[in-house]
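In: okay, predicted coordinates and the sequence, questions at the end:
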Amino acid sequence: SPGSHGNADLVAHFFRRAFSLIRKGGSFGLIATNTIGQGDTRESGLRHLLVEADGTIYRAQRRVKWPGAAAVVVSTVHMGKGRAGWPAPELDARAVSRISAFLREGDQDETPAVLTENAGIAFQGSIILGMGFTFDDVNAAKGQCEPISKMENLIEHDPRNAERIKPYVGGEEINNDPQYKHHRYVIDFEDFPLRRDDHLKLWNNADAAGQREMLKAGVVPRDYNGPVAADWPDLLEIVERMVRPERNKQKDEGGRKFWWLFLRPRPELKDAIRGLNQVLVQNCGASPHLAVGAIDVGSIQANTLAVFALETAVDQALLQSRIHETWARLLSSSLEDRLRYTPTDCFQTFPMPEGFRDNAPLAEIADRYLTHRAELMNTRRQGMTQTYNRFHNPLKNDEDIQTLRRLHAEMDDAVLRAYGWDDLAELAAGEFAPRYLTEDDEPEFAYQKRLFWPAAFRDKVIARLLELNQARAGAEAAAKTGRKKQPDLQLENTGGLL
């Protein structure tokens, strides 16, 4: 069907089929899975019907418990064909101005655009594809890799081995260690060829094309003056023994052929963070909380991390704010109430405030928030998962966690004001202040049992961010075609563009 995606859930096609069967002025209501307002399913279903087929959603409930014994939650959506003549729209039994394809109050139905201004900043960490690359006592006990003691012996035997062994940090460390300390190491041959061969034509006698072919084969002549993996025979022996057998089973041709290298070493990430002292990171596996940490650049970041080529406290505060979390939970996939953060969907589309890095109030609260959080975690010897579990638990009211909650609200206030949304900041300090959400008053499962803004206020934030995303994307497109880019694309208090 036009405008449909092959990976949309089947429910989208039921909506399109029902819509096609009714006349103009007709309506229908369907029970749907909650994916109807998410991702490709939204794009193929509700967005198509609202934007391209003259449809209107006049009533929706995002979370309805299925009657009976089955532990199933569904959404209900009532649509009409045509723009006028429908009852005043209601979303989750509250009056709204309009229901969008996201099943939220607002006028924006389009999927957010990837913004050029955010390019080259956020990456997934390296996919090593082979636990045998690592030194890790936990996995060594399972026979999957060598223990830390083996690494120490290899370095003692030949100190050169330390050149190719690096700290390995993943989502586990970021979530669970109060200082994000690594407990694993990884063998990294970067993009080196495998070995030298005395029988090959000399490197210096080969033309550029011939040299490229040698590098593609992973075998180079004896006069090749760059490093090769075989220069560290002790480490190569481990990789050949522990990694190669598994790689030989892979369908990925590159993974089989270049078995001594990481499958996805992320050279673009290394280029982006060169010159930085630290990077910001967020677990991109199924994680209970948005929890942004900062680590030194000397490690290999695992594929379970989203890595940001950013290092300032202001950047970290923006990413940790409820504004960014609301955006991330809107656009990411989820597992139960856990967040799966993806750099492309969650960050590259995220419209950041103009000039926020020079915003003094935001910088001041960023330092206070992050300093207090670090002190709290170190004092209690708890990582970010345990810390934010306490943060969202109404029964935990120790002074340190109360202070973190207050500072988080101040940080959100500063971020909202950095956008120029003073009206939203005032609402977030009053009528829509963060509260403990339950299944009785919160339609989205991901926010239940959290200290967060209620759904009505999140919809206001999302509407502003969607509008700002579209404005920025339009300006970037205009700049590419030679038209003058509008300055200071920011939203005023009423939601209009400044």
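Out: In hand now; what should we look at? Numbers count the residues shown, from 1 in each chain.
In: other SSEs contacting the longest helix along the chain?
Out: Ranked by number of residues, the top helix in the chain under DSSP state H is helix 455-480. Packing contacts for helix 455-480, counted by 3 or more CB pairs under 8 Å, 6 or more residues apart in numbering; DSSP states H and E, involve helix 322-331, helix 422-428. Bear in mind the C-beta positions are built from the backbone N, C-alpha and C, glycine included.
In: just these: most buried one?
Out: Counting by mean count of other CB atoms under 10 Å, helix 322-331 has the highest mean neighbour count of the helices and strands packed on helix 455-480, with a mean of 23.
In: that one: how far from the chain's middle?
Out: Between the centre of helix 322-331 and the centre of its chain there are 10 Å (CA atoms, centre = their mean, to the nearest Å).
In: other residues contacting that helix?
Out: 39, 102, 112, 290, 318, 339, 341, 345-346, 349-350, 408, 412, 415-416, 419, 434, 444, 446-447, 452-453, 458, 461-462, 465 (CB atoms under 8 Å, 6 or more residues apart in numbering).
In: 7 Å instead, please
Out: The contact list for helix 322-331 (CB atoms under 7 Å, 6 or more residues apart in numbering) reads 102, 112, 290, 318, 339, 341, 345-346, 349-350, 412, 415-416, 446, 452-453, 458, 461-462, 465.
In: show me which positions of the longest helix of the chain end up buried.
Out: Residues of helix 455-480 classed as buried by neighbour count (16 or more other CB atoms under 10 Å): 455-469, 471-473, 475-476.
In: these two touch, right, Ile121 and Phe308?
Out: Yes: if you go by CB atoms under 7 Å, Ile121 and Phe308 touch, sitting 5.9 Å apart.
In: show me how far stretch 118-130 is from its chain's centre.
Out: With CA atoms, centre = their mean, you get 11 Å for stretch 118-130.
In: taking the mean pLDDT, what do you get for that stretch?
Out: Taken as a whole, stretch 118-130 has an average pLDDT of 96.
In: now do the buried residues in that stretch.
Out: 118, 121-126, 128-130.
In: equivalent analysis for stretch 215-225, please.
Out: Neighbour-count burial for stretch 215-225 [16+ other CB under 10 Å]: 218-221, 224.
In: repeat that for stretch 186-203.
Out: Buried residues in stretch 186-203 (16+ other CB under 10 Å): 186-189, 192-196, 200, 203.
In: within its sheet, name the partner strands of whichever strand or helix holds Gln282 and how each one runs.
Out: In this structure, Gln282 is located in strand 278-283 according to DSSP states H and E. Note on strand 278-283: by DSSP bridges, its sheet partners are strand 293-296 (antiparallel), strand 305-308 (antiparallel).
In: which element is Ala366 on?
Out: Secondary structure (DSSP H and E) places Ala366 in helix 360-380.
In: now for that helix, which elements pack on it?
Out: helix 313-320, helix 399-418 (3 or more CB pairs under 7 Å, 6 or more residues apart in numbering; DSSP states H and E).
In: that one versus helix 313-320: what angle between them?
Out: Here helix 360-380 runs at an angle of 80 degrees relative to helix 313-320 (axes from the mean of the first three to the mean of the last three CA atoms, to 10 degrees).
In: who does the nearest residue to Ile165 once chain neighbours are set aside form a beta bridge with?
Out: Closest residue to Ile165 apart from its sequence neighbours, by CB to CB, 6 or more residues apart in numbering: Tyr185 at 5.2 Å. Using DSSP bridges, the beta-bridge partners of Tyr185 come out as Phe135, Pro167.
In: Tyr185: neighbour count?
Out: Neighbourhood size, Tyr185 [other CB atoms under 10 Å]: 22.
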